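Q: below is the sequence, then the predicted model.
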Amino acid sequence: MSQNQLINPESLSAALIVVDQQIDFQPGGALPVTGGDQVVEGISDLMHKFKTVVLSQDSHPQGHISFASSHKGKKPYDILSLDDLNDSNFESQFSRDRLINYLLSIPQHKQTLWPDHCVPGTPGWEFDPRLPVEKADLILRKGKRIDCDSYSAFQENDGRTTGLAGYLKGKNINTLYLVGLAGDYCVNWSAYDAAQLGFKVIYDYSLTRFVDANPTNANQIIQRLKFSGVEVKNTSAA
Ligand code: VGL
Ligand code: ZN
């Protein structure tokens, strides 16, 4: 199925949202997503077609709360949860009160801890150089608060808005086409939030890749998106 049957990129009421297509999420980067580089060409083609294009750019200060290196004894891909605060050996760059407030404010009260990634000024923070970034109407930097992560381009993990929905609604955009990285984190949460905010959302499964590509995980995420009103399309399928 071609994407033209799904959405008209020429439409003024549609926008392409390219999520976090950055070097650190591609093979060889700090938080590599298998196959993350394979989507760049397809995304570049779409950036030339859509009238409105938004790029999101994961942007964390050094010492960010989502970095495993900010918490003693934690490794990348460990989970930080309220249980850690009962452990007398646990130490963190962040105060106990701040961690409690933060964990209580996020989904499931759990934060996955990541390798240091997407620090502004580092090579891994940059977009893939093959992307025609000059086509972007807006580059939205997210995850900049040192004590809050932001997977979604629409709201930070504690629910604070990024302003993106207001920007799009102000342009009378009601249809969003989502691609980029990672399919199970930032594209997933962006698609979910966009649907909750009343946009018609298309999530292009063929132009994303997963941190956890295990089919059980992938199916669960796709199913949740579908039940939330997101149209999940595989444009590479016949
Ligand atoms: C992302 C993990 C941490 C993403 C960003 O862009 O999906 N994942 N930060
Ligand atoms: Zn991040």
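A: Alright, I've got the coordinates. Residues are numbered from 1 along each chain as shown. Ligands and ions are numbered 1, 2, ... in the order given.

Q: what lines up beside the lengthiest strand in the chain in the sheet?
A: Ranked by residue count, the top strand of the chain under DSSP state E comes out as strand 200-209. Strand pairing for strand 200-209, determined by DSSP bridges: strand 175-181 (parallel), strand 231-233 (parallel).

Q: okay, buried residues for the shortest one please.
A: By neighbour count, and taking 16 or more other Cβ atoms under 10 Å as the criterion, the buried residues in strand 231-233 are 231, 233. Where you see a C-beta, it was placed from the backbone N, CA and C, and this is true even at glycine.

Q: now the residue nearest the centre of the chain: how far from residue 211?
A: Compute the mean C-alpha point of the chain, and by Cα atoms, centre = their mean the closest residue is residue 186, 1.8 Å away. According to Cβ to Cβ, to the nearest Å, residue 186 stands 10 Å off from residue 211.

Q: now the helices: where do they sit in this structure?
A: 40-49, 96-105, 164-170, 186-196, 215-227 (DSSP state H).

Q: about what we covered before: identify each buried residue in the longest strand of the chain, please.
A: Using 16+ other Cβ under 10 Å as the test for burial, strand 200-209 gives 200, 201, 202, 203, 204, 205, 207, 208, 209.

Q: surely the first one and residue 174 touch.
A: Yes - with contact defined as Cβ atoms under 8 Å, residue 200 reaches residue 174; the gap is 6.1 Å.

Q: skipping adjacent residues, who's closest to residue 159 in space?
A: With Cβ to Cβ, 6 or more residues apart in numbering as the criterion, residue 159 has its nearest non-adjacent residue at 6.9 Å, and that residue is residue 105.

Q: can you count the residues close to that neighbour?
A: Number of residues near residue 105 (other Cβ atoms under 10 Å) recorded here: 14.

Q: how about the closest residue to ligand 2 within the chain, what does it touch?
A: For the chain and ligand 2, the shortest gap (Cβ to the ion) falls at residue 58, measuring 4.3 Å. Applying Cβ atoms under 8 Å, 6 or more residues apart in numbering to residue 58 gives the contacts 20, 22, 24, 25, 117, 118, 125, 142, 143, 150, 186.

Q: try 10 Å
A: Shown in contact with residue 58 (Cβ atoms under 10 Å, 6 or more residues apart in numbering): 19-22, 24-25, 31, 66, 114, 117-120, 124-125, 141-144, 149-151, 153, 181-182, 185-186.

Q: which among the residues you listed are in contact with ligand 1?
A: Of the residues in those, proximity to ligand 1 by Cβ under 6 Å from any ligand atom holds for 20, 25, 114, 181, 182, 185, 186.
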